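Participant: Here is a sequence together with a model predicted from it:
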Amino acid sequence: MDLREKAEKRVDAKIRFQENLYKYLIVNTIIAIICFVFLESFWLLAFVMFFWGIRVIDDFFKAYSLNNYREEMIQKELSKIGD
């Protein structure tokens, strides 16, 4: 895999996270308004926020944390093999 492909994968992961986060915020704001005006309880909002939030957090770690950690581990293994 060349450097351009790696960069494209990282950028795609970051874009996916950002899009999912924006959708999460917009939809949950709408649900909060609906719950406040019509339902007078927030159980639906809590349910959606929790399960969708797990996906948003997963996308965050894939976009920012895990890629760097994985690359560091690969470089360490390559240096061990090369020795």
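Facilitator: Looks like it came in fine.

Participant: Show me what the biggest helix by length in the chain is packed against.
Facilitator: Assignment by DSSP state H gives helix 3-34 as the longest helix of the chain. Using 3 or more Cβ pairs under 8 Å, 6 or more residues apart in numbering; DSSP states H and E, the elements in contact with helix 3-34 are helix 43-60, helix 66-82. C-beta here means a position set from N, CA and C on the backbone, and glycine is covered the same way.

Participant: Distance-wise, check the residue nearest to the spatial centre of the chain relative to residue 51.
Facilitator: Nearest to the geometric centre of the chain sits residue 59, at 1.8 Å (Cα atoms, centre = their mean). Distance, residue 59 to residue 51, by Cβ to Cβ, to the nearest Å: 14 Å.

Participant: show me where pLDDT drops low in this protein?
Facilitator: Along the chain, segments meeting pLDDT under 70 span 1, 66-68, 83.

Participant: So what's the residue count around residue 27?
Facilitator: Residues near residue 27, counting by other Cβ atoms under 10 Å, number 13.

Participant: Okay, buried residues for stretch 2-22 please.
Facilitator: By neighbour count on 16 or more other Cβ atoms under 10 Å, the buried set for stretch 2-22 is 10, 13-14, 17, 20.

Participant: actually stretch 43-53, not the one I wrote
Facilitator: Across stretch 43-53, burial judged by 16+ other Cβ under 10 Å covers 45, 48-49.

Participant: now these in TSV, with distance to residue 71?
Facilitator: Output for the buried residues of stretch 43-53, formatted as TSV (distance: Cβ to Cβ, whole Å):
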residue	distance to residue 71
45	38
48	34
49	32
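
Participant: Tell me the one of these nearest residue 36?
Facilitator: Residue 36 lies nearest to residue 45 out of the buried residues of stretch 43-53, by Cβ to Cβ, at 8.9 Å.
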